[in-house]
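this one's structure only:
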């Protein structure tokens, strides 16, 4: 019992307390848009109170407009047909979100670029017209130009989203920037006063800290979301911070360092040293300023949890400093298994996952949840299976819901689903409390540009990153029994690789996940080569180690035995090959179902004809294993789960099992291992300290499975979507 | 009658003379592997004699081994696991084609490269062991190395191919390099003597000159054809030429300039200045040395024709010097329409096309022609329709066949096909003799790296270049009624574009056809921008103007209104759009037949939402028209004919008509024009001086078509595959 946070709602006291009892909640919380009434507050539950720190201060902000948050914006390029070119700056942008910041301290950061030559245009070649918010450039004919400028953000983005989604008709909330000392000071007073006024609150739930993930909306409804990235730092800028950065680092950042030709610094791109420095600079500020607030909360006798979504930017839970914030717990909303692992590995005392669906009429993307046509019970079960796979591997102490509780009352199937989910959550939690579950012997490392800093995430939710191969790999791995860590290219050079059995690299040429220009460092190539030669297994998926300019496109081509021709080898012959399938490696024919097969990739070819081809599509090898010294190079052309990335779909279970099989086969030569079921639709976890083995049916059918553990065989028949726990003999 | 060259064959005199009569030949020729007997030579026909200049001299070459031809070869890379790495140099290469040239003047050009860092390894760090033909490198562990060396070519490649194809069991013919003065001198004597000995020969058919296109064969039958390029110059190297080049240009070329990391200098890659200089250097030599031979032939009272295939390298018919060779005619083998245009535009008095199939048991690729399972009549008709489309647009004076004549006797359908083909060829020739056919008013330019130098070709036959979009475009255009020229990026800067209505760029990022680094020159972008703004139509297909490093991937994105995301914009929203089909632009639903639709291209998006989307696949716009000033930017994601590129297949006729329609629509706003039929399967050509209009049915069904010319309507019903000629009223 307990371990569950229920969202309460004033006006629905009976429902709140009834569900709190039914679901054995120990905590009741409020949400954005709901409050808790006295009756709820005094019903004997712990109370979490949600605070979105930087909004709900419109009165104060109106008196201190310079403390509003900002961002750099870059116009679309325009072509000069003559010698003068005028940019109405706000033409491309949502005027309810942004206002031009044309104060002198801001204008000094504005830049006009000649994009045809990628040259900065001198300041004396352009003029700002405040009357109509336009910039006029002295142009060369037939060149293209852009204007980058600082803009105030005048509508807090999550509030803006909730407004639009729910057709709210409230005042637009602004957001203050605590980088300005007066705002920081104000916030401290605010929090202190807030704590004084909320004696019943036991946990202050920071939702989240200061800076939202980046969400730049456009003026045209045909392209409203111009840029969306969970991991960029664009929304942290202000002239004050930029000036301080220059003082500390000895050089100034410019608009171009942020807008990057209009491409911005998305997490999927390899970051520059400047971007990393800015992240570090802002993260230190966020740590310092939020530590003050946490101290105030603690001084008031309350705990402080942080919600690691929305305004999380600058709080990097994997940069080694998380404990310094002083947070007592971390909360993460989860659609997927990898988000559970993301939460579970943060060095906090309490980890709480907030389930989906959120108790809103519609979900992300606008599909109905608690409204006409919605099936929130099905949604909950689907997300639960994703989460449960990961929960079987790592402990999470708490779970919860969020939103308008009253919406659930017309959805009895959702209530039933939550009964089951909470029951299973608590059973799994109890097993973890006895001791950690077993893992297979292979130690796995995921290699990418960000390393441990972006453990168990790319950038945001699955559906936001589903075009990236790695998120599919992570989602599969999130429920597999492996010790796993994330390493960067710096780690390859600085740290021993001797404790790693398998390194996985999955990405497209040039992106942060494949590594891009990191592979220009030949020492990376040499270290990886040596490590494989001495027995390591390198699994490359997509365009691993790809960078232009060398004799091979994949820098690990010699290890993989395959390379990718980007057109340079149009005149080269290709090795013919036999395909030698490994029986059982790809669990049955369903792998050819749409969306979950290995897709082909143009240009893949065998370098020296020696790699073993396990699967080919036409003349293209899409799955190969190459012997390299005592190790192996494994290449997979693609790895993509179907649709919205729900790994619990049957085809995706098969893809996950294929990955498990492949790791076992490449490292041991066998598909068999103790602690693995014989049915890809059912996964199991062994908890030796609890003396239990858990079978989880991830499918929608009754299924049977067996598993060997310490030479004993355990067999079960499991209900659709349910777990079954057996005693270890 | 006449205008036809028949291959004769000693031993089959009756057949030869019978077919010469049936087909009204005026010329009889020999072929590689056949001779003409006295009876044939004295039958009253003109005689062409085939000479492959650089082979058939084994006796002399054995006395002068240093005059054999050579090439640079680059081994596959090897990884050092220790501090020493040994390369048996011939491991990767076909030892019947190559022998190591380890003479001192050759070894000085050898290079060992550290490919991990792309660094040259100093000569004191490696040693050659002549005893076993290996190089041992003092290596750094975990780096990869290659060895580049000079090799003798000891089996003339066309002879090698014919040997292998026909299972010949004759002596392997070597090839001499006339760059060596003694070989050049020998060749002159040889030609003189040959002329003296062949009084009956009226035309010496040079097949071809000195240097073969590049064909590097491998040691392993699983990858026999390591590298094949019709336009590379690798086979022209010799220490003597390299030394002379250095004296003239002041710098030395190295092995690396040729092997290029193992990628070699394929025609599809953007050439370096060094490569262009070497081509120029060799071409000047080939001109000088072959002019001597032509003079000898002329002095003997004979004509000299050159066969522009096989050993053509160094004779560039579009470099402005062709007339200086003194050739009386040029002969080109043709599978496709573009090859006819390639031949027709060479500034020679006589143009002759040699039809396919060649009279061999098997064709290129090993498919049967004049042997069990072959259908040479069908083949001939198919190739004829390709050729005929182009013949209707430009005059070709002669046609012919080649190979073993006796093979045809069991294939009466082939004989019938040739009856029809020769009849149509002569009818079309007669129309051209009266005057040139009409063209539409749009002047078209194809823009690519090579410009006029590679007019009407990429590199070799269709099947060798079919992965390149441009060859499909050229093949379609070869039979369309347009004035067309080829321009280079230098032409964009140096020449006026005011005489051009449409510029087409079709290629993939980085290749010579798209232009690659040429687009780094912002003056190219500006000139093109200005030209479109003032009314030009830029049609970009595939990845036109693509080069990395700028705000857009396509440098002409502002003109096209579309760009391609290579992953950098994963976080950017995309414009939604409506699809507005243009009625009739894509001739009927058959365009969706496999292989001839516009395929999708990952990452294509609208830049500013303004381009008109005429077709989309899913959310990807694949056909767009963008207004830009007074001009248009047209984007097509792909343009690929099905299968082997036979444009006469019905789907490809539709694709061709789509291109014609698109050019008309983009430039005039209408699909209609005089001189175009209303049936995509039937094309027509108007010959005003002859007073005729020709309808050509390119399909295998009876079809009807109409065409307006000077406001009069002409209608026909045409037999499958045949032409019908009407009088102009």
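That came through fine. Fair warning: this is a prediction, and the values are worked out from it, not measured in the lab. Numbering: from 1, shown residues only, chains lettered A, B, ... in the order given.

Just give the number of residues close to residue A:276.
For residue A:276, the count of nearby residues is 12 (other C-beta atoms under 10 Å in any protein chain shown). (C-beta placed from N, C-alpha, C; glycine too.)

what's the answer for the one 3 residues further on, then?
Other residues near residue A:279 come to 21 when the count uses other C-beta under 10 Å.

Nearest residue to residue A:430 in space, please, no chain neighbours.
residue A:690 (7.4 Å; C-beta to C-beta, 6 or more residues apart in numbering or on different chains).

check contacts around the one you found.
Shown in contact with residue A:690 (C-beta atoms under 8 Å, 6 or more residues apart in numbering or on different chains): A:430, A:431, A:434, A:435.

tell me the secondary structure for it?
Residue A:690 falls in the coil class when you classify it by DSSP: H, G, I helix; E, B strand; the rest coil.

quick revisit: just the ones of the contacts of residue A:690 in helices?
A:430, A:431, A:434 (DSSP state H).

Let me know the helix or strand that residue A:657 is in.
Assigning secondary structure by DSSP states H and E places residue A:657 in helix A:650-668.

Now do that helix, average pLDDT.
For helix A:650-668, mean pLDDT is 88.

so how far is it off the chain centroid?
23 Å (C-alpha atoms, centre = their mean, to the nearest Å).

Can you name the next helix or strand after that helix?
strand A:682-687.

Who are the packing partners of that following strand?
helix A:412-434, strand A:692-697, strand A:703-709, strand A:712-718 (3 or more C-beta pairs under 8 Å, 6 or more residues apart in numbering or on different chains; DSSP states H and E).

How about the longest one, which residues are buried there?
Read that as helix A:412-434. Across helix A:412-434, burial judged by 16 or more other C-beta atoms under 10 Å in any protein chain shown covers A:414-415, A:417-418, A:420-422, A:424-426, A:428-429, A:431-432.

could you check the angle strand A:682-687 makes with that helix?
For helix A:412-434 against strand A:682-687, the angle by axes from the mean of the first three to the mean of the last three C-alpha atoms, to 10 degrees is 40 degrees.

ok and helix A:412-434 relative to strand A:692-697, angle-wise?
Helix A:412-434 runs at 150 degrees relative to strand A:692-697, counting by the same axes, to 10 degrees.

Do me a favour and average the pLDDT over helix A:412-434.
98.

Give me the contacts around it.
Against helix A:412-434 from outside (C-beta under 8 Å, 6+ apart): A:1, A:3-4, A:19, A:22-24, A:355, A:370, A:375-378, A:380-381, A:384, A:388, A:391-392, A:394-397, A:399, A:401, A:408, A:437, A:685, A:687, A:689-692, A:694, A:722-723, A:725.

which SS class is residue A:540?
On the three-state scheme (three-state DSSP), residue A:540 is labelled strand.

which of the contacts of residue A:690 lies closest to chain B?
Within the contacts of residue A:690, proximity to chain B (C-beta to the nearest C-beta) peaks at residue A:431, which comes in at 38.5 Å.

Could you check how far that closest one is from residue A:726?
Noted for residue A:431: a distance of 12 Å to residue A:726, by C-beta to C-beta, to the nearest Å.

got any residues that touch both of these two?
In contact with both residue A:431 and residue A:726: residue A:692, using C-beta under 8 Å, 6+ apart.

All the strands of the stretch 251-400 of chain A, residue numbers only.
Secondary structure of the stretch 251-400 of chain A, counting by DSSP state E, counting those that start in this stretch: strands at A:303-307, A:329-334, A:350-355, A:398-400.

any chance of these in a markdown table, with distance to residue A:454 and mean neighbour count too?
Output for the strands of the stretch 251-400 of chain A, formatted as a markdown table (distance: least, C-beta to C-beta, whole Å; neighbours: other C-beta atoms under 10 Å in any protein chain shown):
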| stretch | distance to residue A:454 | mean neighbour count |
| --- | --- | --- |
| strand A:303-307 | 18 | 24 |
| strand A:329-334 | 14 | 24 |
| strand A:350-355 | 18 | 22 |
| strand A:398-400 | 24 | 22 |
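
Pull up the residues of the stretch 451-600 of chain A that are close to chain B.
Residues of the stretch 451-600 of chain A lying close to chain B (C-beta under 8 Å from any C-beta of the partner chain) are A:459, A:465, A:467-468, A:508-511, A:522, A:525-527, A:529-530, A:533, A:549-552, A:558, A:566-577.
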